[in-house]
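1. The sequence and its predicted three-dimensional model are supplied below.
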Amino acid sequence: MLRYVIKRLLFTIPTIIGVFVVVFFVVRLIPGDPAATMLGPKATEAQIEVYRAAHGLNDSVAVQFGLALKNFLRGDLGMSLSLYRPVFQVILERLPRTAELAFFGIIIGFILAVILGVAAAVFRGKWPDLTLISFSTLGMSLPTFYIGLWVLYIFALKLGVIPVISTGNNVPYWKSLFGPLLTIAIGETALLLRTTRSSMLEILNEDFIRTARAKGLTEKVVLFKHALGNSLIPIVTVAGYSLATAFGGAIVLETVFARQGIGKLLIDAITVRDYPLVQGTTIVIAILMILVNIVTDVIYGYLDPRIRITNEDF
């Protein structure tokens, strides 16, 4: 397994470099002059020219790319054009907010999905099952930002439980986290619920489940120890994928709830044409998704020894 992880990490290097190259050129296709955007409409042509020269924006794209790639390979993500601070430092300050949002959202979604998925499988074809399947279909069909807007409307405007804008010194921390966390949990529960139900239904039809019941084991032991234990592989697969995509969903949610995380940072950087900040933020998000996929593969190996042997032979 260790050899497999090392190989996967080595294979990610060209992937990360490829992401950097693509982002570098794509972000420069965005219309607008970064210097004029940073300085504002009242800036003179002379001031704009001085700004461009100071930040190397007058250089050709090839020269800018060569310098940026050289710095990136050295671990330097550059200086933010809008914040005048090292990009890596800015990202480190914002990353914990996004990480906790994605991590706790998927944990809550996973727990709820397992409980509700088992219930749906047990009551297959009955009204609890039909109700949960309808919830799952609805939750998977709605975009994340749409769910977020409804959470904001119900809990902020109607109930007044959370603030409309989740920032400010007077806002309790749990209130700033509640809205986006609930939004992610709803989406993840809807997806994982269907996966749990399908996996449980398949396992419940196996011979060893009938044998366990024939031995007189309680239904609780049969469901949660034997059936659920053997259903975890597909559930973990989807959960790992969901955790990776949760970072992408946080980009939209942090804008909806005005939460100062890495997603909001990326949107703001694109708005002001902050090339180094866009590149650095995108690279960090890509690395996080790659690491989550690797961790998911490692968990497979501990859940199923057959997968572990296959990975070591990879």
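-> Yep, it's here. All values derive from a computational prediction rather than experimental measurement. Numbering: from 1, shown residues only.
2. Now the strand or helix carrying residue 137: buried residues?
-> Assignment of secondary structure by DSSP states H and E places residue 137 within helix 127-141. By neighbour count with 16 or more other Cβ atoms under 10 Å, helix 127-141 contains the buried residues 129, 132, 135, 136, 139. Every C-beta, even on glycine, is put in place using the N, C-alpha and C of the backbone.
3. how about the nearest residue to the second one, chain neighbours excluded?
-> Nearest-residue entry for residue 132: residue 120, 4.4 Å, with adjacent residues in sequence omitted and distances by Cβ to Cβ, 6 or more residues apart in numbering.
4. What is the burial count for that neighbour?
-> By other Cβ atoms under 10 Å, 27 other residues sit near residue 120.
5. what about whichever helix or strand it is part of, distance to the chain center?
-> Secondary-structure assignment from DSSP H and E places residue 120 in helix 87-122. Taking the mean of its C-alpha atoms, helix 87-122 sits 8 Å from the chain's own mean (Cα atoms, centre = their mean, to the nearest Å).
6. same for that helix, what does it pack against?
-> helix 127-141, helix 173-204, helix 232-256, helix 262-271, helix 275-303 (3 or more Cβ pairs under 8 Å, 6 or more residues apart in numbering; DSSP states H and E).
7. weakest of the ones you listed by average pLDDT?
-> The weakest mean pLDDT among the helices and strands packed on helix 87-122 belongs to helix 232-256, with a mean of 75.
8. what packs against that helix?
-> Using 3+ Cβ pairs under 8 Å, 6+ apart, helix 232-256 is in contact with helix 87-122, helix 144-151, helix 173-204, helix 262-271, helix 275-303.
9. Which among the ones you listed is found nearest to residue 73?
-> In terms of Cβ to Cβ, the element of these nearest to residue 73 is helix 275-303, at 11.9 Å.
10. Which strands or helices does that closest one pack on?
-> Secondary elements touching helix 275-303 (3+ Cβ pairs under 8 Å, 6+ apart): helix 2-27, helix 61-73, helix 87-122, helix 232-256, helix 262-271, helix 305-312.
11. Adding distance to residue 287, write the ones you listed out as JSON lines.
-> Shown next, in JSON lines, are the helices and strands packed on helix 275-303 (distance: least, Cβ to Cβ, whole Å):
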{"stretch": "helix 2-27", "distance to residue 287": "6"}
{"stretch": "helix 61-73", "distance to residue 287": "12"}
{"stretch": "helix 87-122", "distance to residue 287": "11"}
{"stretch": "helix 232-256", "distance to residue 287": "10"}
{"stretch": "helix 262-271", "distance to residue 287": "12"}
{"stretch": "helix 305-312", "distance to residue 287": "21"}
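12. and residue 174, what does it touch?
-> By Cβ atoms under 8 Å, 6 or more residues apart in numbering, the contact set of residue 174 is empty.
13. separation between it and residue 27?
-> Residue 174 sits 36 Å away from residue 27, taking Cβ to Cβ, to the nearest Å as the criterion.
14. what does residue 224 give?
-> Distance of residue 224 to residue 27, computed by Cβ to Cβ: 49 Å.
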